[in-house]
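Enquirer: Have a look; sequence and predicted model below, questions after that.
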Amino acid sequence: MIILTEELKSALAQNKPIVALESTIIAHGMPFPQNLEMAQEVEQIIRGNGAIPATIAVIDGELRAGLSTAELEHFAKTGISIIKVSTRDLPFVVARKITGATTVASTMRLAAMAGIHTFATGGIGGAHRGAEKNFDISADLIEFSQSNVAVVTAGAKAILDLALTLETLETFGVPVVGYGTDDFPAFYSRSSSHKVPMRCDTPNEIAAMMKAKWAMDLKGGIVVANPIPSEAEIPATEIAPRIEAAITEAKAQNIIGKNVTPFLLKRLAEITQGRSLAANIALVKNNAKLAAEIAVAYSQ
């Protein structure tokens with residue numbers, strides 16, 4: 001059972017718009033204090049656009065939706081010392097009464113359990129480079145085939161094999177919708193040179209698609225691919241060699257599994273002298289705004 005704040009209980013009972021948020025982006029995605037500032041600003045953006053934020057986490061083994069300022073601060077300050085919890089890890093952390101930061105996959109699952117159908121994140125996980133040999137594919141993609149949640153994202157993280165990620169989503173029957181674009185965004189960049197299979201241009205169109213999908217009992221989520229704002233973009237030609245350099249470092253240090261993404265994001269922030277971190281924050285805020293607008297449309 002997921003524990004909700006009184007505000008969220010009331011909102012769900014009255015069919016008010018709610019936007020889920022993950023906690024891994026706070027603990028593992030950014031350094032302190034930028035992570036705390038981002039988390040608080042994102043919640044304010046969601047409220048300012050007519051919805052209620054629901055940051056999701058596991059605290060002392062309790063599944064939680066809606067965190068206090070003190071709890072957000074704890075996740076921000078403790079950082080990578082907090083265990084990163086994907087869907088497979090939920091039984092373990094609950095049974096052992098551990099505090100954990102939820103990934104895209106586990107946030108989707110808990111949001112769906114709570115009855116929340118819209119979720120804003122930065123970038124989703126996907127198929128890592130070389131996944132056709134080592135099967136390093138994020139649980140995020142599998143969760144999209146199971147949980148009825150629309151996830152607003154700036155595409156998949158640019159460190160991934162984006163072509164294989166899109167093919168995997170297609171195999172799982174997951175709609176990938178470009179918001180105001182025909183190109184699949186690549187996190188820091190507005191385009192990845194890969195096309196999206198479908199496009200919507202308004203929050204109402206996205207909400208209508210969510211309702212149509214689940215009314216037909218077509219189980220699973222929707223990827224709402226929302227490009228980073230143009231003023232915050234790092235073009236693919238500029239960021240690509242820096243990503244390659246960071247990946248080479250990760251391999252040399254034998255960094256694998258769930259530790260790869262936090263390492264690469266940190267190294268990219270160092271290599272780009274903070275520019276990638278600023279881009280990350282900008283795209284998360286942009287996604288939060290759109291997610292709130294979609295949640296409002298979906299609740300009507």
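Expert: Received it, and whenever you're ready, just let me know what you need.
Enquirer: Give me the neighbour count for residue 300.
Expert: Other residues near residue 300 number 8, with proximity taken as other C-beta atoms under 10 Å. Using the backbone N, CA and C atoms, a C-beta is placed for each residue, glycine as well.
Enquirer: give the contact list for the nearest residue to residue 48 once chain neighbours are set aside.
Expert: With C-beta to C-beta, 6 or more residues apart in numbering as the criterion, residue 48 has its nearest non-adjacent residue at 7.9 Å, and that residue is residue 292. Residue 292 sits next to 17, 19, 45, 46, 48, 49, 50, 51, 120 when contact means C-beta atoms under 8 Å, 6 or more residues apart in numbering.
Enquirer: A helix includes residue 292, no?
Expert: Yes. Remark: residue 292 belongs to a helix, assigned using DSSP: H, G, I helix; E, B strand; the rest coil.
Enquirer: pLDDT wise, what is it at?
Expert: The confidence metric pLDDT takes the value 99 at residue 292.
Enquirer: now the one 3 residues further on
Expert: With respect to pLDDT, residue 295 has a value of 98.
Enquirer: Repeat that for residue 247.
Expert: 82.
Enquirer: Which secondary structure elements does the helix or strand harbouring it sit against?
Expert: With elements taken from DSSP states H and E, the one containing residue 247 is helix 236-252. Contact analysis of helix 236-252 by 3 or more C-beta pairs under 8 Å, 6 or more residues apart in numbering; DSSP states H and E lists helix 260-271 as its packing neighbours.
Enquirer: And the helix it packs on, what does it pack against?
Expert: In this structure, helix 260-271 makes packing contacts with helix 236-252, helix 275-299, judged by 3+ C-beta pairs under 8 Å, 6+ apart.
Enquirer: tilt between the shortest one and helix 260-271?
Expert: It stands for helix 236-252. Calculated by axes from the mean of the first three to the mean of the last three C-alpha atoms, to 10 degrees, helix 236-252 forms an angle of 120 degrees with helix 260-271.
Enquirer: re the thing from before, chain center to the helix holding residue 247: distance?
Expert: 22 Å (C-alpha atoms, centre = their mean, to the nearest Å).
Enquirer: Could you do stretch 89-101 as well?
Expert: Offset of stretch 89-101 from its chain centre (C-alpha atoms, centre = their mean): 20 Å.
Enquirer: who's in contact with the nearest residue to residue 165 once chain neighbours are set aside?
Expert: Across the structure, with C-beta to C-beta, 6+ apart as the measure, the residue nearest residue 165 apart from its sequence neighbours is residue 126 (3.2 Å). Each residue near residue 126 by C-beta under 8 Å, 6+ apart is listed here: 137, 138, 140, 141, 156, 157, 160, 161, 162, 164, 165, 168.
Enquirer: List the contacts of the fourth one.
Expert: Counting by C-beta under 8 Å, 6+ apart, residue 141 touches 124, 125, 126, 127, 165, 168, 169, 172, 174.
Enquirer: hey, which strand is longest across the chain?
Expert: Once the chain is assigned using DSSP state E, the strand that runs over the most residues is strand 52-59.
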